[in-house]
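1. My questions are about this predicted structure, shown below with the sequence.
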Amino acid sequence: MFEDLNDLYQQVILDHSRSPRNFKKLDGANRVAHGHNPLCGDRITIYLHLDGDVISDISFEGSGCAISKASASVMTTTLKGKTIAEAQKMFGQFRELVTTEKADSEELGKLAVFAGVHKFPARVKCAILAWHALVSALEGRPCTVTTEENPTVPKP
Amino acid sequence: MSTAKHHHTPDWAAIRADFPVLDQKVHGKQLVYLDNAATSQKPLPVLNALRRYYEHDNANVHRGIHELSNRATAGFEAARERAAKFLNARAKEEIIFTRGTTEGINLVAHAWAGTHLKAGDKILLTEMEHHSNIVPWQLVAERTGAKLLYVPVTGDEGLLDLTHFDKLLKEGVKLFAVTHISNTLGTVNPVADLCHRAREHGVVTLVDAAQSAGHCPVDVQAIGCDFLAMSGHKTCGPTGIGVLYGRKERLEKMAPYQGGGEMISHVGFFKTEWNIVPHKFEAGTPDISGAVGLHAAMDYLDKIGRAAIFKHDCELAAYAYERLASLGRIRLFGPKTNHAGLVSFLLDDVHAHDVVTFADRLGVALRGGHHCNQPLMHKLGVESTARASFYFYNTPAEVDRLIEVIGEIRKFFTPKH
Ligand SMILES: Cc1ncc(COP(=O)(O)O)c(C=O)c1O
């Protein structure tokens, strides 16, 4: 009966929103960035530890809806050990997934659970908030990014 | 016409049938429209008035000498007279047509405050103001060097803390701007008393009537304000039209707002003489059809009676408040009594944004977010709330549906073991 809603709120998403992974301040982080969705007030802080161009550790803090929290949580579990270039490529694919559903879900792995978001245009920003903050942390911009901005993904 | 004549209870079911938009399914479910604080729906007499205007009378106003232009001008000016009566202004010259509440406040900020304030003067606002009654004053403060002061809000029950109100007024305050009804808390502020006290200190007053003008009787003479702003679209009228009431003595001493056609009496290459009030503040071709539609909306509302409408809205909100409270694990905002027709809430276990998305799929239109009240939200320590806002076409059965839907939402988001 709730077909779209079940697609949007997959069990994995509900699970991550209730018990988010890597949900803490990262001691020894060498990159930090904040994300803010002015529409609904969601706020997120991403902490990174970069070893050269490898994300050796990543965590987040903040408050938000189930989608934004789960997206941040799943993102942190996916990106640990990835290079900056790999992370940026994933962001591009993830954005494709949540806006059009047309993305290679095999490459996206667990991130593919967010495919249902594309049927809820008002919620795309929630899904992408953590990624905006990530990109700005990777670029070493510690400022608050908002979902109203449209940061371009730097070419790998 | 007047509200006092209608002691009987209106036939709400028959009235609801005037709103074709309500009779539809969204996502396969019967629509339950509970986002009236954002905008109201429009009844058939308003839709018909718009259509009749464009089918028979459309022309530009105040300039043509031909028949249609005369009709359009007559329609536009009749709407002004109707608006004066709607707000009980002394004269139709005190009515300026705007795009809405926001533009009305900006007009005063620009044309009055911009020329009457100087560095060090104070503008007194309250912590429950909508962004549109904060940001224009911040811009004025930046330009003039005036300072902003705020009357505090007590907390979740959302009342103004007036302990130091008179003391605040004495601290060089030149203008006091306050909302009549809070769009987030549902608080009804005692604007007549506040404006009276402000005037005693020689303070100019502005009332934001966005949430009140279409919901309860509003009488600018009884309130005693210098300015009052409202939006047509929240009062059964079309979008794009609003009304600013201004006390005539004030308007006459004000600088123009925008320059252009209509607002002038004589233009030379280097110097221009302004038109008389209120035309001085209405540059360019106005929203003529909007004014005609608003006229029909005001007739419609006063035929039902705004006192009866307010009673109905408040009763629905009180019922919703009580039923929501009985659900438990919920934070409710706004006063426990004398609550206007809306309820803001936060479930302990489901984020407002998720509540609103889910409710929408079940046909119930709510609003979630900061409701253009970010400073207030910050003060209450929340990022957002969900809000159900009622109008006279809503029913107790729709409140029941809301409660049922919240039950479904809770069930969905509760972990299954
Ligand atoms: C209390 C209050 N003031 C001002 C406004 C702004 O009205 P408008 O957007 O019609 O100019 C609103 C509308 O949301 C409101 O609720």
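-> Structure's in. What do you need?
2. which secondary element of chain A has the worst mean pLDDT?
-> strand A:144-146 (a mean of 63; mean pLDDT, DSSP states H and E).
3. Would you check how far apart B:Glu383 and chain A are?
-> Remark: distance between B:Glu383 and chain A (C-beta to the nearest C-beta, to the nearest Å) = 3 Å. In this view, the C-beta of every residue, glycine as well, is placed from N, C-alpha and C.
4. Spatially, what comes nearest to the residue in the stretch 51-200 of chain B that chain A sits nearest to if we skip its sequence neighbours?
-> Residue of the stretch 51-200 of chain B nearest chain A, by C-beta to the nearest C-beta: B:His131 (11.1 Å). Nearest residue to B:His131, sequence neighbours excluded (C-beta to C-beta, 6 or more residues apart in numbering or on different chains): B:Cys372, at 4.3 Å.
5. Would you mind listing the residues in contact with the residue of chain A found nearest chain B?
-> In chain A, the residue that lies nearest chain B is A:Gly41 (3.1 Å; C-beta to the nearest C-beta). With contact taken as C-beta atoms under 8 Å, 6 or more residues apart in numbering or on different chains, A:Gly41 is in contact with B:369-370, B:374, B:377, B:382-384.
6. 10 Å instead, please
-> With C-beta atoms under 10 Å, 6 or more residues apart in numbering or on different chains as the criterion, the residues that contact A:Gly41 are A:63-65, B:351-353, B:368-370, B:374, B:377-378, B:382-385.
7. can you check B:Ile276 too?
-> Taking C-beta under 10 Å, 6+ apart, one finds B:93, B:251-252, B:263, B:265 in contact with B:Ile276.
8. Filter the residues you listed down to the ones in strands?
-> Those of the contacts of B:Ile276 mapping onto strands are B:Ser265, per DSSP state E.
9. and the contacts of B:Ile276, which of them are in helices?
-> The helices, defined by DSSP state H, take in B:251-252 from the contacts of B:Ile276.
10. Tell me the buried residues within the contacts of B:Ile276.
-> Among the contacts of B:Ile276, the ones that count as buried by 16 or more other C-beta atoms under 10 Å in any protein chain shown are B:93, B:251, B:263.
11. Among those residues, which one lies nearest to the ligand?
-> B:Leu251 (19.9 Å; C-beta to the nearest ligand atom).
12. and the longest helix seen in chain B, which residues are buried?
-> Counting by DSSP H, the longest helix found in chain B is helix B:306-327. Residues of helix B:306-327 classed as buried under the neighbour-count rule (16+ other C-beta under 10 Å) are B:306, B:308-314, B:316-321, B:323-324.
13. Could you do stretch B:123-138 as well?
-> Going by neighbour count (16+ other C-beta under 10 Å), the buried part of stretch B:123-138 is B:123-130, B:132-137.
14. Could you give the average pLDDT over it?
-> Confidence over stretch B:123-138 (mean pLDDT, whole number) is 97.
15. Can that stretch be said to contact the ligand?
-> Yes - judged by C-beta under 6 Å from any ligand atom, stretch B:123-138 and the ligand are in contact via B:130, B:132-133.
16. can you put those in TSV and add secondary structure?
-> Rendered in TSV, the data for the residues of stretch B:123-138 next to the ligand read as follows (DSSP: H, G, I helix; E, B strand; the rest coil):
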residue	secondary structure
B:His130	coil
B:Ser132	helix
B:Asn133	helix
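17. ok, so what distance separates B:Glu282 from B:Gly114?
-> Applying C-beta to C-beta, to the nearest Å, the value for B:Glu282 to B:Gly114 is 18 Å.
18. And these two? Which one has more around it.
-> Looking at B:Glu282 and B:Gly114 with other C-beta atoms under 10 Å in any protein chain shown, you find the greater number of neighbours at B:Glu282, namely 25 against 16.
19. Now chain A against the ligand: closest residue?
-> Relative to the ligand, the nearest point of chain A is A:Leu39 (14.6 Å; C-beta to the nearest ligand atom).
20. what's around residue 47, how many residues?
-> No chain specified, so I'll use chain A. 23.
21. that's the other chain; I wanted chain B
-> 17.
22. can you give me the helices for chain A?
-> Using DSSP H, helices in chain A cover A:3-8, A:11-18, A:66-79, A:84-100, A:105-108, A:124-138.
23. Just the buried positions in the last one, please.
-> Right, helix A:124-138. Quick answer for helix A:124-138 (16+ other C-beta under 10 Å): A:124-138.
24. now that helix against helix A:11-18, angle please.
-> 60 degrees (axes from the mean of the first three to the mean of the last three C-alpha atoms, to 10 degrees).
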